[in-house]
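K.L.:
missing the sequence, but the structure's below:
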C-alpha cells in the first residue's frame, strides 16, 4: 500500500499545473458550504423570530438574507462543479498523455508481461480513476477543514460554549467516519482493479477470436468465463456499495449526535440567559449545515484508496527503464554509407538463449537483398536491431560507419523505415494511413507512393478514393491490399533503407510475386531488405541471404 500512495503523490505532482484550478474549485466549494450554512442559520432564526409574531419590517433583513444565501449557494455550487471538472479533465488529459509517452518507448522490446486487455484496462480504467484524485480525493478534505474551522468560529460567536463542542463533534465525524469507510472498502478496492483488468482481457480476447471460437464450438465456454469474471467484479462492487451505505448511515448518525450535543449546551444557556431563545435553532442548523462540507469525506477516503491502487498499477509500467535510450549528445546522421550489421549477438535476457550469434550483413543503397530463415531463427530480431527497437548485446549496427547507439532514435528511423509483418492500419482513411509516414507529403507524392506500391489503380477505382475508411486494422481490405498500403507507407517515408518483414505473408503466389516485383522496381536508390521464408521472386534480388543457427550466411548472390 505504501508503494501505491507514493505513486499517488507522483501522480498529484504530475498534475501540478492544475493547482490554480483546484484552488478555485476548493474556494468555490467552501463558498457553497458557507452559503448553505448561512441559509440554514438565517432560516432557523427567521422561523424562530417569526413565531414571536413581530413587525414584518423587523424580518426584512433575515428574509433578504435567506434569498441571498439560497441564490449564492446554487451559483457557487454550480461554479464549483465547473471548475472541479475542468481541473479533473485537464488532469486526465495530462496523465493519459504522460502515460503514453512513458509506455511508448517500452513497446518495441521492453513492455513484456501485461497482455493487451490488461494494458487497455490500465490505459482506460486506471487513468480514468485518477480523475477523481483532485475532485473527490484531495479537494474534499481541504473544504472540510475550512468548514470545521468556520462552523466552530460561528458557533463560538453565537455561544462561546458551543464553539468547542461543534469543533470536536465535526472533527470526530471528519476522521472516524472516513477512516471506517476506507477500512471497509480496502479489501474490495485492492481487488477491483485486477478483477476489472481480467474481465477486460477476457472480453478483448473473445472479441478478437470470435470467429475461431464459433468455428471450434467454444463460444459457450468463453461466454461462461466472461460471466464468471463479471460476477466476480460485481461481488467486489457490491462490497464497496455496502461499505458506502454503511458509512453514509454512520455519517447521518454522527450529524444527529452532533446536533444533540450542541442542544445539550444551548438549552441550558437559554435558561441562564446566555443565549436568546430564537438562536437555538440557528446553532443547531449550523451544525447540520456544516455536515454538507463533511459529507464527501467517506467517498474521498474510498476514492483515495482506488486512486492509490490505480497509480501503483500505472507506475508499475511507467517506472520501467527502456533498454534503448538516446545518447546525451547524439552524433549527426551520416549523409551516405551502408547499413551494416557487424558481428552482432543478441538475446532477450541474461539467462535466455542467444537469438543471434556473430551475425554480419551489409545493405548498400540501391541494392535489393532477401533474408531467408525458418520461423524463430531471429529474422525479426535482426530487423528490430536495424531500426534500433533494441540494441545488440555484442557487436554493432552501423550506418555510414557510425554506431546506431551514437545516434538519436528518430534520426535512425528517419533513415531506416521498417514495415513489420503485422504492420498496423489505423481505423481511418487510406490517406491518413499512408501519410502516417510523412505528414507533410503532397498529393502527387502520395499518389506516387501508391503507384510504386501497385495500389494507385485500385484506390482510384474506389468511390471515395483516398478518403475510403479501412476499418479496424484494415478489416475491410484484403490481405494483398493491406500489404500494399503498408508498402506505400514506407515508400512515402523517404528513408534511405527499407526493411520489410514478411511482406508476402498470407498472400497467394501471384499476389506475392506482384508485391516483390513492385518493391524491386520502384524502390529507386534505396536499399531494400526483404525478410521472408518464401522462395517467391528470389531471382529478382541482388543478394539472397539465409539466417542459420543465429548467424547470417550468403545463400545466393546474383552478379
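P.N.:
Cool, the structure landed. The structure displayed is predicted, hence computed values, not measured ones.
K.L.:
quick one: buried residues of the helix or strand encompassing residue 150?
P.N.:
Assessed by DSSP states H and E, residue 150 sits inside helix 139-158. Applying a neighbour-count criterion of 16 or more other CB atoms under 10 Å, one finds 139-148, 150-152, 154-156, 158 buried in helix 139-158. Every residue, glycine included, has its C-beta placed from N, CA and C.
K.L.:
got it, and stretch 440-447?
P.N.:
Residues 441, 445-447 are the ones in stretch 440-447 that count as buried (16+ other CB under 10 Å).
K.L.:
again, but for stretch 212-223
P.N.:
For stretch 212-223, a neighbour-count test (16+ other CB under 10 Å) marks 213, 219, 222 as buried.
K.L.:
same check, this time on stretch 170-178
P.N.:
In terms of neighbour count (16+ other CB under 10 Å), stretch 170-178 has its buried residues at 170-171, 173-174, 177-178.
K.L.:
Then stretch 305-318?
P.N.:
Neighbour counts over stretch 305-318 (16+ other CB under 10 Å) mark 305-315, 317-318 as buried.
K.L.:
and what of stretch 52-72?
P.N.:
62, 65-66, 69-70, 72.
K.L.:
Same question for stretch 419-430.
P.N.:
Neighbour-count burial for stretch 419-430, counted by 16+ other CB under 10 Å, picks out 419-421, 423, 425, 429-430.
K.L.:
Keep only those of the buried residues of stretch 52-72 that are in helices.
P.N.:
Among the buried residues of stretch 52-72, the ones falling in helices (DSSP state H) are 62, 65-66, 69-70, 72.
K.L.:
Let me see the mean pLDDT of whichever strand or helix holds residue 224.
P.N.:
Counting by DSSP H and E, the element that carries residue 224 is helix 219-272. The pLDDT scores in helix 219-272 average 85.
K.L.:
tell me the angle it makes with helix 139-158.
P.N.:
10 degrees (axes from the mean of the first three to the mean of the last three CA atoms, to 10 degrees).
K.L.:
next one: helix 219-272 to chain centre, how far?
P.N.:
Its chain's average C-alpha position is 30 Å from that of helix 219-272, according to CA atoms, centre = their mean, to the nearest Å.
K.L.:
Which SSE is immediately downstream of it?
P.N.:
Once the chain leaves helix 219-272, the next helix or strand it forms, by DSSP H and E, is helix 280-294.
K.L.:
got the angle between that following helix and helix 219-272?
P.N.:
Going by the same axes, to 10 degrees, helix 280-294 makes 150 degrees with helix 219-272.
K.L.:
Skip ahead from helix 280-294 and say which helix or strand is next.
P.N.:
Using DSSP H and E, the helix or strand that follows helix 280-294 in sequence is helix 297-318.
K.L.:
Give me the contact list for the next helix or strand after that next one.
P.N.:
Using DSSP H and E, the next helix or strand after helix 297-318 towards the C-terminus is strand 339-347. Outside strand 339-347, the residues that touch it by CB atoms under 8 Å, 6 or more residues apart in numbering are 353-364, 378, 381-382, 385-386, 390, 392-399, 401, 416, 496-497, 527, 550, 552.
K.L.:
Name the residues of strand 339-347 that are buried.
P.N.:
By 16+ other CB under 10 Å, the buried positions in strand 339-347 come out as 339-341, 344-347.
K.L.:
try stretch 270-290
P.N.:
Neighbour-count burial for stretch 270-290, counted by 16+ other CB under 10 Å, picks out 275, 277-290.
K.L.:
Between which two of those residues is the distance greatest?
P.N.:
Spanning the widest gap among the buried residues of stretch 270-290 are 277 and 290, at 21.9 Å by CB to CB.
K.L.:
pLDDT below threshold where in the stretch 251-400 of the chain?
P.N.:
Applying pLDDT under 70 to the stretch 251-400 of the chain flags the ranges 317-319.
K.L.:
same thing but at 90, please
P.N.:
Low-confidence segments of the stretch 251-400 of the chain (pLDDT under 90): 251-252, 254-255, 270-289, 292-328, 335-336, 346-361, 372-381, 383-384, 389-391.
K.L.:
follow-up on the earlier one: which of the contacts of strand 339-347 are buried?
P.N.:
354-357, 359, 361-363, 378, 381-382, 385-386, 390, 392-393, 395-399, 416, 496-497, 527, 550, 552.
K.L.:
Which ones among those residues map onto strands?
P.N.:
Judged by DSSP state E, the subset of the buried ones among the contacts of strand 339-347 located in strands is 354-357, 359, 361-363, 395-399, 416, 497, 527, 552.
K.L.:
Am I right that residue 338 is in contact with residue 400?
P.N.:
Yes - assessed by CB atoms under 8 Å, residue 338 is found in contact with residue 400 at 7.3 Å.
K.L.:
picking up where we left off before, can you add pLDDT and distance to residue 468 and give the buried residues of stretch 52-72 back as TSV?
P.N.:
Below are the buried residues of stretch 52-72 laid out as TSV (pLDDT from 0 to 100; distance: CB to CB, whole Å):
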residue	pLDDT	distance to residue 468
62	87	70
65	91	66
66	91	64
69	92	61
70	93	58
72	94	56
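K.L.:
Phi, psi for residue 520 please.
P.N.:
Main-chain dihedrals, residue 520, degrees, to the nearest 10: phi -60, psi -40.
K.L.:
How many residues are close by it?
P.N.:
Residue 520 has 16 neighbouring residues, counting by other CB atoms under 10 Å.
K.L.:
cool, and residue 508?
P.N.:
Look at residue 508: counted by other CB under 10 Å, it has 12 neighbours.
K.L.:
how close does residue 69 get to residue 153?
P.N.:
For residue 69, the distance to residue 153 equals 18 Å [CB to CB, to the nearest Å].
K.L.:
Who's the closest spatial neighbour of residue 203, skipping the chain neighbours?
P.N.:
Of all residues not flanking residue 203 in the chain, residue 226 sits nearest, at 6.4 Å (CB to CB, 6 or more residues apart in numbering).
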